[in-house]
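**Q** Here is a sequence together with a model predicted from it:
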Amino acid sequence: MGHLDHAAYGWLTPALSYVMASIGAALGLRCTVRALAATGSSRRNWLLTAASAIGTGIWTMHFVAMLGFDVTGTEIHYNVPLTILSLLVAMLVVGAGVFAVGYGKDRGRALVLGGLTTGLGVASMHYLGMAALRLHGHISYEPLTVGLSVAIAVVAATAALWAALNIKSPLAVAVASLVMGAAVSSMHYTGMMAVGVDVSPSDAALPGATAMQFIFPLAVGLGSYLFITAAFVALSPTADERAASASASARHVPEPAPAGP
């Protein structure tokens, strides 16, 4: 059994992964709040942005944390197609949950269905990402801890969607995002506690790419997307601000001059 180190760079990767999860949650919640106040294509576009933000945040959190994952006695590579598939799964399942809440007429049923779907999807993303690992040895999982990690994912996803429905103020969203970041991080590290590796030392070359060749550049790119999108959302006016601007413009429209004789 190889020795597993989940924080090979100390607190750097856990702290940075938590920040990315919190940013993704904050951005997703703000976009969902905007969506619920919009109609038509505007609602759809805000929900798509929310899904991409939350999904990207969760995926980036997972793989930034994996940068600190090390197993004594073997290198670790990543299967590129499976890793990209895990990103798509994260976005799609979060999108399903967000759209269920955004368009569901029965909010209670939509919350339960969306939370379950999104939570199971987040767990699927995590374990699909783990399936992308390539190392000299065999990876095994402790079933009860895996079950606990899935339960945490479902509870975290349901709480996030509930927050999207019920929390409106920026300060409340910020607090909820910090809590959600902690929940997503807890799910990840609980899942990692279920992992065991039987190392089979070998000099054979591993397939796939190293974390620094593939995971790090992709995580930096997605992190940049989150920051740019956050700036866009922060600068775009809310529905209330647009309504107030339209009302102010209407009040200042000059009356037409009276017609001459």
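**A** Done, it's in.
**Q** Below-threshold pLDDT in the stretch 151-261 of the chain: ranges please.
**A** 234-235, 237-261 (pLDDT under 70).
**Q** Can you list the residue ranges for helices in it?
**A** Counting by DSSP state H, counting those that start in this stretch, the stretch 151-261 of the chain has helices at residues 170-193, 216-235, 239-251.
**Q** For the first one, enumerate the helices and strands it packs against.
**A** Right, the one you point to is helix 170-193. helix 12-36, helix 40-66, helix 107-131, helix 143-166 (3 or more Cβ pairs under 8 Å, 6 or more residues apart in numbering; DSSP states H and E). For glycine as for every other residue, the C-beta is placed from the backbone atoms N, C-alpha and C.
**Q** If we use 6 Å, what do you get?
**A** With contacts taken as 3 or more Cβ pairs under 6 Å, 6 or more residues apart in numbering; DSSP states H and E, helix 170-193 sits against helix 12-36, helix 40-66, helix 143-166.
**Q** just to revisit the earlier point, any idea which of the helices of the stretch 151-261 of the chain is most buried?
**A** helix 170-193 (a mean of 19; mean count of other Cβ atoms under 10 Å).
**Q** returning to that earlier point: can you put the helices and strands packed on helix 170-193 in JSON lines and add distance to residue 214 and mean neighbour count?
**A** Listed next are the helices and strands packed on helix 170-193 as JSON lines, based on distance: least, Cβ to Cβ, whole Å; neighbours: other Cβ atoms under 10 Å:
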{"stretch": "helix 12-36", "distance to residue 214": "16", "mean neighbour count": "23"}
{"stretch": "helix 40-66", "distance to residue 214": "9", "mean neighbour count": "23"}
{"stretch": "helix 143-166", "distance to residue 214": "24", "mean neighbour count": "19"}
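**Q** Turn the ones you listed into a markdown table, including distance to residue 88.
**A** Compiled in a markdown table, these are given as follows (distance: least, Cβ to Cβ, whole Å):
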| stretch | distance to residue 88 |
| --- | --- |
| helix 12-36 | 16 |
| helix 40-66 | 9 |
| helix 143-166 | 17 |
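**Q** Quick one, which of the ones you listed gets closest to residue 99.
**A** Nearest of the helices and strands packed on helix 170-193 to residue 99, taken as Cβ to Cβ: helix 40-66 at 5.6 Å.
**Q** now the angle from the closest one to helix 107-131?
**A** If you take axes from the mean of the first three to the mean of the last three Cα atoms, to 10 degrees, helix 40-66 sits at 40 degrees to helix 107-131.
**Q** Residue numbering should commence at 196 henceforth.
**A** Okay, residue one is now 196; in that scheme the one you just asked about reads as helix 235-261.
**Q** now helix 235-261: mean pLDDT?
**A** Taken as a whole, helix 235-261 carries a mean pLDDT of 88.
**Q** for that helix, packing partners?
**A** Against helix 235-261 (3+ Cβ pairs under 6 Å, 6+ apart) you get helix 207-231, helix 275-298, helix 302-326, helix 365-388, helix 411-430.
**Q** end to end, how far does stretch 257-268 reach?
**A** 23 Å (Cα to Cα, to the nearest Å).
**Q** residues in contact with stretch 308-315?
**A** By Cβ atoms under 6 Å, 6 or more residues apart in numbering, the residues outside stretch 308-315 that reach it are 288, 289, 291, 292, 295, 296, 348, 349, 352, 353, 356.
**Q** Looking at those residues, spot the one nearest residue 265.
**A** Nearest to residue 265 among those, with distances taken as Cβ to Cβ, is residue 348, at 24.3 Å.
**Q** For residue 341, see how far away the closest one is.
**A** 11 Å (Cβ to Cβ, to the nearest Å).
**Q** Can you tell me which of the contacts of stretch 308-315 lies closest to residue 233?
**A** residue 296 (13.8 Å).
**Q** Hmm, residue 358 and that closest one touching each other?
**A** No. Counting by Cβ atoms under 6 Å, residue 296 does not reach residue 358; the two are 10.5 Å apart.
**Q** circling back: any chance of the contacts of stretch 308-315 in CSV, with distance to residue 277 too?
**A** Conversion of those to CSV gives the following (distance: Cβ to Cβ, whole Å):
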residue, distance to residue 277
288, 16
289, 19
291, 21
292, 23
295, 27
296, 29
348, 19
349, 23
352, 22
353, 27
356, 27
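**Q** Thank you, goodbye.
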